[in-house]
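*Asks:* need coordinates for the below:
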Amino acid sequence: MKRIFILITVALFLSGALFAEEAILIDFGKLAADITVNDDSENAKPNQNRQTVMDYGQVAGGSYTEEQKGIMKTSLAITNWNVIFTSSSRTVTNEVVTYTREATSKQWGTVLGVRVHFPVEHFYSKAYIRPPFEIPAYEPQANIDDEGNTQPSDEDSDGITGPSRFEDGFGVVKNVGTIKAIAVNAYGLQFPHGLSVILLDSQGTEKSMFMGYLNYDGWAELTWNNPQYVLDVRNRELRIYPIYPTSTPFVKFNGFRLDRDADKEGGDFVAYFKDVKIIYDKAVLDTDRDIDDESLWGIIQTRETAKKVWEMKQFGQNQLLRYLEGQKQATENVFQPTPAGEQQ
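*Replies:* From the prediction side, this is the model:
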């Protein structure tokens, strides 16, 4: 009986049935603002996403008060996402009327809505829809209160050897080998602009996959199929890799790219996005090993903790600069009238 089971398992593996995995890389329905942070006004509305709140006050340094550090929080809430033009298209006019918003879909619920004002001049233009910070791959699970304060979770997960906070539709998929296909649920309004998905792998390499054009009306699933994916395992290059201590590779969602060709109309462009899904090979098979190597040596823990610290520093520096710029920004919208007695 054992021999028959092994033969069946090998046959399934050779047919390619074992290594095909499907996962939602990012689901914008999960990124709706659901808590209110640093806004005590009477009509305050939710402005941050609870699951993805990040506190960059912990990397701000000692020159800031605890009160200042307390407001240094942000998240992957849809309204926090950035739309960045290439330098040739980056004008004040274009940037002021380019932004993201939560949109309500009858079919999907909350989705990412984006308005982009491309240049009206006839030249090729690109715009990138980016998350407000590089999505961390090693952020541990946490309990987050209504003010955005984070506390360690009761779950036994450090974000390294266990699940991280940004998995399961929040931007990270781990144990990813070769990607077979990518799909995006996107709502088009018959604009002839191109759409690409941008991924970031565990080596820090950014890759852009062209999904197609948004020249249709309504929801559609745009799909990219990897032209270099070898379906028949017999035609693959077979290699043997050390099992331990090898870090598990991952992919992060790093944004969309929108392309407007030079001969197409510029000006306002609107689109909506529900999610991004991937089909991929597992990098490492899940097995029941005789010895728990990591609990004995802790090599991966040490290595990935260093990466996590680096991720946090990168995130914190960028967010801190934005906070400082916001503190310096003028708050007056109009000139205050001069009292009559003080007029010259």
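*Asks:* next one: stretch 211-218 to chain centre, how far?
*Replies:* Mean-position distance between stretch 211-218 and its chain equals 22 Å (Cα atoms, centre = their mean, to the nearest Å).
*Asks:* could you pull out the strands in the stretch 151-300 of the chain for me?
*Replies:* Assigned by DSSP state E, counting those that start in this stretch, the stretch 151-300 of the chain shows strands spanning 172-174, 176-189, 194-201, 206-213, 217-225, 250-260, 267-282.
*Asks:* nearest residue to residue 30 in space, please, no chain neighbours.
*Replies:* residue 169 (5.2 Å; Cβ to Cβ, 6 or more residues apart in numbering). Using the backbone N, CA and C atoms, a C-beta is placed for each residue, glycine as well.
*Asks:* who's in contact with the one you found?
*Replies:* 24-27, 30, 275 (Cβ atoms under 8 Å, 6 or more residues apart in numbering).
*Asks:* go on, residue 116?
*Replies:* Counted by Cβ under 8 Å, 6+ apart, residue 116 has contacts 83, 98, 127, 258, 268-270.
*Asks:* again with residue 307
*Replies:* 137-138.
*Asks:* list the buried residues of the helix or strand where it lies.
*Replies:* Using DSSP states H and E, the element containing residue 307 is helix 299-328. Neighbour counts over helix 299-328 (16 or more other Cβ atoms under 10 Å) mark 300, 304, 307-308, 311-312, 315-316, 319-320, 323 as buried.
*Asks:* so what's the residue lying closest to residue 33 once chain neighbours are set aside up against?
*Replies:* Counting by Cβ to Cβ, 6+ apart, residue 33 lies nearest to residue 46, which is 4.0 Å off, once chain neighbours are set aside. Shown in contact with residue 46 (Cβ under 8 Å, 6+ apart): 32-36.
*Asks:* and which of the residues you listed is nearest residue 253?
*Replies:* residue 32 (16.8 Å; Cβ to Cβ).
*Asks:* could I have stretch 280-299 exported to CSV, CA atoms only?
*Replies:* Extracted C-alpha coordinates of stretch 280-299, given in CSV (Å, rounded to 0.1, in the frame of the first residue of the first chain):
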residue,chain,number,x,y,z
TYR,A,280,3.0,29.9,-8.6
ASP,A,281,5.3,27.0,-7.9
LYS,A,282,6.2,26.4,-4.3
ALA,A,283,9.8,27.1,-3.6
VAL,A,284,10.0,24.5,-0.8
LEU,A,285,7.7,21.5,-0.2
ASP,A,286,6.2,21.3,3.2
THR,A,287,7.6,18.2,4.9
ASP,A,288,7.6,16.6,8.4
ARG,A,289,11.3,16.7,9.3
ASP,A,290,12.8,14.5,12.0
ILE,A,291,14.8,17.4,13.6
ASP,A,292,13.7,21.0,14.0
ASP,A,293,16.8,22.6,12.6
GLU,A,294,15.7,26.2,13.2
SER,A,295,14.9,25.8,16.9
LEU,A,296,18.4,24.3,17.4
TRP,A,297,20.5,26.7,15.4
GLY,A,298,18.4,29.9,14.9
ILE,A,299,20.3,30.8,11.7
